[in-house]
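**Student:** need coordinates for the following:
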Amino acid sequence: MGLILILMGVQGAGKGEQAKFIRETYDIPHVSTGDLFRAMKTRTDDLAQRIQGILASGRLVDDDTTNEVVRERLSQADAAEKGVILDGYPRTPAQAAWLEAHLKERGEKITTVLLLELDLYTAFKRAFGRVSDSETGKSYNIYFNSDEIEWGFVEHETDKQFPPRLRATLKGSDRELTRRVDDGNADSVLKRIDTYVENTTPLIDYFRDRDLLVTISADQPITTVSSAIQAVIEAKKSK
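**Tutor:** Below is the predicted model of the structure:
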């Protein structure tokens, strides 16, 4: 039976970095429902067309349809053989209950649920302050990881609109680092945090009640978090 891992955490908690670590260490696929939905844009089958219609209308994909997409992905050879890291799923206790039932039918079960815990103020600063080098892909943060960059908030060059724009460059270079559009909007960042809290609290209770939840502080160096995650997984594997 492969590893069935669920990765949870607020924006800025480092889920992407830790999912990469788990994927490379245990050779299991990282499955994000967001990525699965985006992949439907290039497909023409009935399920893909249904999802395309839902997304085009601006509605959220319902539980049954989401479960169907996850069922399809779990049946693929890499996940069926080795397991999976689920990121962004389940989002509701109903989805979690479906997943447990589906895995039970296959003679499997959730190995563990890893909650990367981060206080919400730090989560905001990690999202609002992050910039990246489009050429190398390396990320920086104006609040936590700024030794190699120069940064400041500058007025817009034309209409002086508010708020001012964040400009960051590598030291000794005029090449400007990039920023996700939604990270630059404080209201957008706060709404994402609020949505996470609203959606995740019931799930945390659900998994804690089933003794599946393991909480790891994300307010530590990346390698320290990775080591803690590996220790949890190895302990679960040995049972």
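
**Student:** using CSV, write down the CA coordinates of the helix ranked longest in the chain.
**Tutor:** The longest helix of the chain (DSSP state H) is helix 186-209. Taking Å, rounded to 0.1, in the frame of the first residue of the first chain, the C-alpha atoms of helix 186-209 are listed here in CSV:
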residue,chain,number,x,y,z
ALA,A,186,-3.4,43.3,0.6
ASP,A,187,-7.1,42.7,0.5
SER,A,188,-6.7,39.7,-1.8
VAL,A,189,-4.1,38.2,0.6
LEU,A,190,-6.4,38.7,3.6
LYS,A,191,-9.4,37.2,1.8
ARG,A,192,-7.3,34.1,0.9
ILE,A,193,-6.3,33.8,4.6
ASP,A,194,-10.0,34.2,5.7
THR,A,195,-11.1,31.6,3.2
TYR,A,196,-8.4,29.2,4.5
VAL,A,197,-9.5,29.7,8.1
GLU,A,198,-13.2,29.2,7.3
ASN,A,199,-12.7,26.1,5.2
THR,A,200,-9.9,24.5,7.1
THR,A,201,-11.1,24.7,10.7
PRO,A,202,-13.8,22.0,10.3
LEU,A,203,-11.3,19.8,8.4
ILE,A,204,-8.7,20.1,11.2
ASP,A,205,-11.3,19.0,13.7
TYR,A,206,-12.4,16.1,11.4
PHE,A,207,-8.9,14.7,11.0
ARG,A,208,-7.9,15.3,14.7
ASP,A,209,-11.0,13.3,15.8
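
**Student:** name the helices or strands packed onto it?
**Tutor:** Applying 3 or more CB pairs under 8 Å, 6 or more residues apart in numbering; DSSP states H and E, one finds that helix 186-209 makes contact with strand 3-9, helix 93-105, helix 120-128. C-beta: built from backbone N, CA, C; applies to glycine.

**Student:** for Ala79, find the nearest of those.
**Tutor:** Ala79 lies closest, by CB to CB, to one member of these: strand 3-9, at 9.1 Å.

**Student:** tell me the angle whatever helix or strand comes next after the closest one makes with strand 3-9.
**Tutor:** Counting by DSSP states H and E, the next helix or strand C-terminal to strand 3-9 is helix 15-26. Helix 15-26 and strand 3-9 are oriented at 160 degrees to each other (axes from the mean of the first three to the mean of the last three CA atoms, to 10 degrees).

**Student:** please state the offset of helix 15-26 from the chain centre?
**Tutor:** 11 Å (CA atoms, centre = their mean, to the nearest Å).

**Student:** what's downstream of that helix, the next helix or strand?
**Tutor:** Next along the chain after helix 15-26, taking DSSP H and E as the criterion, comes strand 30-32.

**Student:** pairing partners for that following strand, with directions?
**Tutor:** strand 83-87 (parallel) (DSSP bridges).

**Student:** which residues touch the strand it pairs with?
**Tutor:** Strand 83-87 has contacts (CB atoms under 8 Å, 6 or more residues apart in numbering) with 1-7, 15, 19, 22-23, 26, 28-33, 70, 73-74, 99, 111.

**Student:** recalculate using a threshold of 7 Å.
**Tutor:** By CB atoms under 7 Å, 6 or more residues apart in numbering, the residues outside strand 83-87 that reach it are 2-7, 15, 19, 22-23, 28-32, 74.
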